[in-house]
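A.B. asks: Only the shape, not the letters, is given here:
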């Protein structure tokens, strides 16, 4: 079966999460978690579903970019693509005219990720396997019983009240969570108070991470985080500009004596940038993203580089669909690359999973390996219809308010 | 006069340059030099013109991004913008939803450049000055008599025949050119033959630069360029991925004993990346671009950093409109920052200037300071109408061929 791709559609799906401050941080104060949602149709009826994650405004730009890439995909067969996947990847990223718009970064790379995610989903469905198993089976046939350890970001978004923080921490502890991430960076005294509150709630044996979403410059990051050392964070995430590699190296060096590592990656735009961070000892935790890098292809390259440098991978998954996708990659990483769980865990945000046909399954704070064929990108048709921007019911209501 | 901005229009203008292989290089084999062309209207009738340069396909994506930024511009007065230009710059680049698409890179940053270029043009027109003079007058009132030294890239695009190369070199020498750039990177033996031919034509006292447009990996760059050392190139431009800072540092170190520097910047996506290159001694020539960085604002930051590191700035101008814009910046650099012409020159490509109302003026291989008010972005209305994509006559003809 060749599975010829006969059509590509892309839709602008937005969830009005800013209304309740879900996802709020020091730099992204009003995100509407959104997706450029791609569906591939084949001549045999099988479909592939892919997406990239966005924050609302500008999703239409990513749609426009996906449409520009569509002509490179439609008409090709799955067999043709996977028999020379490197060539197909280069075709998408090296078009003599389009590459000027990146290369391999920003809008055009987000679009590449969405399209390739759908291709990988299609391939895994054609093989009747969940994506992680398609990957793992390429190397060896093995399974996980206990699932992959997760941490939660859902308890401590920046816009939440103390009352909300306490309630959410308390609920999470009851559900077995032992690893917690807190958003910081807007106000130092407020950060100290909130972090102390959470450390008190979770106790000394639980793990706490802090995340500044690029709010600081280099000197500011060092002094601010030093003030938060008392709550013993495992890492400071995104302390400064995602492009300031040598800045991250300076921060890493300054914070090492305090036992605090630097984590980054959710806005690291491609494999070449990850190479810089690893070569410069600029991070101690690699946070891959399933929708910013060029899909599985480029994420595999980063997993292998991280392994070479012996830096643990702790994926970013704070966004719509990101948990669903990245769980496949981290299972592959454990089974086939790292074989190690020390200081390793995958982010989890308890949010918007109900819109997917195969939502991520968490048991006792672990990702349970997904079993359905594909890359877990397919959304419920009713969800897409309701949230499509700007015609869906949700947005019609918002706009007419 | 407040100059309130009441409207922003953006048009997709494409010149079918690929038909004759103008602009062809190792990575961009069929560029149609194009622009997302922005016009700002104000309540007093004054207009501002800006653009960013693209290679054809995907220009519609940049238009879409410009439209997303338009709401942040329309309704503001020029006075309001320039009285807090830093705040306005941050407003465009730090929107809580849109910044996810970059941040400050790729499509969204090209759009920022186009919009801000129009704002700067408007400001300079409001002051009745060419942009360089607006900038220079901020510091001191000085003028240049001889113009700024230029080099030509027009003689040796990769797709040209030997016959064309010879004729173009011969013509250029007669017009006073003494600095020449040659595209390389597709085939080593072909490069050796072409470079030797050109070195022979221009003689030992002229300057020759070579440009690989990111074609190689690090080891390949070093061995390939070493083979070309006999033609004594001043620099190798874009030897590898524009994101591989430490790779550029390794190449710089390896080629230094041969007297060959590394030049890069036309796809360096923001000031933070330039900081990495300078800190890591990864380049010996800084090639700013007037349409990839965030307009005058971000280019000034890079000029100052380059000065701090004592690295000469030799702007990129191989694209439609780029010569017109960047000449303003390099005049400012000479008059107010570097006061130095050693190893400094600005790229010139003799192409498409006839579509601008104030085209760049070259005399004896020097850029003559422009005198018309503004940032020299305004195109002839007839040119825009003919080349607007896909409705203009030129494209209707191409499409119906």
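C.D. replies: Happy to help now that I have it. Being a predicted model, the structure only gives us computed values, none of them experimental.
A.B. asks: I'd guessed residue A:22 sits against residue A:319; true?
C.D. replies: No: under the criterion of Cβ atoms under 8 Å, residue A:22 makes no contact with residue A:319, lying 11.0 Å away. Using the backbone N, CA and C atoms, a C-beta is placed for each residue, glycine as well.
A.B. asks: For residue A:221, list the residues it contacts.
C.D. replies: Applying Cβ atoms under 8 Å, 6 or more residues apart in numbering or on different chains to residue A:221 gives the contacts A:212, A:236, A:239-240, A:251.
A.B. asks: how about the residue in the stretch 251-400 of chain A positioned nearest to chain B, secondary structure?
C.D. replies: Using Cβ to the nearest Cβ, residue A:272 is the residue of the stretch 251-400 of chain A that sits closest to chain B, at 4.0 Å. Going by DSSP: H, G, I helix; E, B strand; the rest coil, the secondary structure assigned to residue A:272 is helix.
A.B. asks: neighbours around it, how many?
C.D. replies: When counting by other Cβ atoms under 10 Å in any protein chain shown, one arrives at 21 neighbours for residue A:272.
A.B. asks: Check which residues of the helix or strand bottoming out on mean pLDDT in chain A are buried.
C.D. replies: Between all helices and strands in chain A, the lowest mean by mean pLDDT, DSSP states H and E belongs to helix A:131-139, at a mean of 79. Neighbour counts over helix A:131-139 (16 or more other Cβ atoms under 10 Å in any protein chain shown) mark A:131-136 as buried.
A.B. asks: Tell me the helices and strands packed up against it.
C.D. replies: The helices and strands touching helix A:131-139, judged by 3 or more Cβ pairs under 8 Å, 6 or more residues apart in numbering or on different chains; DSSP states H and E, are helix A:106-126, helix A:295-308, helix A:322-332.
A.B. asks: Are the shortest one and chain B in contact anywhere?
C.D. replies: No: judged by Cβ under 8 Å from any Cβ of the partner chain, helix A:322-332 and chain B are separated, with a smallest distance of 12.3 Å.
A.B. asks: Which neighbouring elements make contact with that helix?
C.D. replies: The elements that helix A:322-332 packs onto, with contact taken as 3+ Cβ pairs under 8 Å, 6+ apart, are helix A:131-139, strand A:148-152, helix A:295-308, strand A:346-348, strand A:366-368.
A.B. asks: in the helix or strand that comes right after the fourth one, what counts as buried?
C.D. replies: So that's strand A:346-348. Stepping forward along the backbone from strand A:346-348, the first helix or strand reached (DSSP states H and E) is strand A:361-363. Along strand A:361-363, these residues count as buried under the neighbour rule (16+ other Cβ under 10 Å): residue A:362.
A.B. asks: got it, and stretch A:281-295?
C.D. replies: Neighbour-count burial for stretch A:281-295 [16+ other Cβ under 10 Å]: A:282-295.
A.B. asks: how far does that stretch sit from the chain's center?
C.D. replies: 9 Å (Cα atoms, centre = their mean, to the nearest Å).
A.B. asks: for stretch A:112-123, same thing?
C.D. replies: Offset of stretch A:112-123 from its chain centre (Cα atoms, centre = their mean): 15 Å.
A.B. asks: Okay, strands next: where are they in the stretch 151-300 of chain A?
C.D. replies: A:179-183, A:207-211, A:235-237, A:261-264, A:285-286 (DSSP state E, counting those that start in this stretch).
A.B. asks: Residue A:324: which of the ones you listed is closest?
C.D. replies: Distances from residue A:324 to each of these were compared using Cβ to Cβ; the minimum, 18.9 Å, belongs to strand A:179-183.
A.B. asks: Any chance of CSV for the buried residues of stretch A:281-295, columns distance to chain B and pLDDT?
C.D. replies: Formatted as CSV, the buried residues of stretch A:281-295 follow (distance: Cβ to the nearest Cβ, whole Å; pLDDT from 0 to 100):
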residue, distance to chain B, pLDDT
A:282, 10, 98
A:283, 14, 98
A:284, 18, 98
A:285, 20, 98
A:286, 16, 98
A:287, 15, 97
A:288, 16, 95
A:289, 11, 91
A:290, 15, 89
A:291, 10, 86
A:292, 9, 87
A:293, 13, 87
A:294, 13, 86
A:295, 17, 87
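A.B. asks: when you check the residues you listed against the helices, which ones overlap?
C.D. replies: residue A:295 (DSSP state H).
A.B. asks: Need the max-distance pair from the buried residues of stretch A:281-295.
C.D. replies: The largest distance within these, taken as Cβ to Cβ, falls between A:284 and A:295 and amounts to 25.6 Å.
A.B. asks: before we move on, the earlier item: what residues do residue A:22 and residue A:319 have in common as contacts?
C.D. replies: Taking Cβ under 8 Å, 6+ apart as the contact rule, residue A:22 and residue A:319 both touch residue A:33.
A.B. asks: Please report phi then psi for the nearest residue to residue A:253 once chain neighbours are set aside.
C.D. replies: If you skip the residues right next to it in sequence, residue A:253 has residue A:281 as its closest partner in space, 7.9 Å away by Cβ to Cβ, 6 or more residues apart in numbering or on different chains. Note on residue A:281: its backbone torsions stand at phi 50, psi 40 [degrees, to the nearest 10].
A.B. asks: Can you give me the pLDDT of residue A:281?
C.D. replies: As predicted, residue A:281 sits at a pLDDT of 98.
A.B. asks: can you list the weak-confidence ranges in chain A?
C.D. replies: Per-residue confidence of chain A (counting by pLDDT under 70) places the weak regions at A:1, A:139-144.
A.B. asks: Would you point out which residue of it is nearest chain B?
C.D. replies: Here the residue of chain A nearest chain B is residue A:106; by Cβ to the nearest Cβ that distance is 1.9 Å.
A.B. asks: where does the residue lying closest to residue A:118 once chain neighbours are set aside land in three-state SS?
C.D. replies: Taking Cβ to Cβ, 6+ apart as the measure, residue A:118 lies nearest to residue A:50, with 2.8 Å between them; neighbours along the chain are not counted. When the structure is split into helix, strand and coil by three-state DSSP, residue A:50 lands in strand.
A.B. asks: Could you count how many residues lie near residue A:50?
C.D. replies: Residue neighbour count, defined by other Cβ under 10 Å, stands at 31 for residue A:50.
A.B. asks: now do residue A:203
C.D. replies: Taking other Cβ under 10 Å as the criterion, the count of residues near residue A:203 is 9.
A.B. asks: Quick check: it vs residue A:180, distance?
C.D. replies: Taking Cβ to Cβ, to the nearest Å as the measure, residue A:203 and residue A:180 are separated by 11 Å.
A.B. asks: Show me which residues of the stretch 151-300 of chain A sit near chain B.
C.D. replies: By Cβ under 8 Å from any Cβ, the part of the stretch 151-300 of chain A that sits against chain B consists of A:214, A:241-246, A:267, A:269-270, A:272-273, A:275-276, A:279-280.
A.B. asks: Among those residues, give me the pair with the biggest separation.
C.D. replies: By the measure Cβ to Cβ, A:214 and A:279 form the most distant pair in those, at 21.1 Å.
A.B. asks: Tell me which of the strands of the stretch 151-300 of chain A approaches residue B:379 most closely.
C.D. replies: Closest to residue B:379 of the strands of the stretch 151-300 of chain A is strand A:261-264 (Cβ to Cβ; 41.7 Å).
A.B. asks: Given that closest one, what are its sheet partners and their directions?
C.D. replies: Applying DSSP bridges to the sheet, strand A:261-264 is found paired with strand A:235-237 (parallel), strand A:285-286 (parallel).
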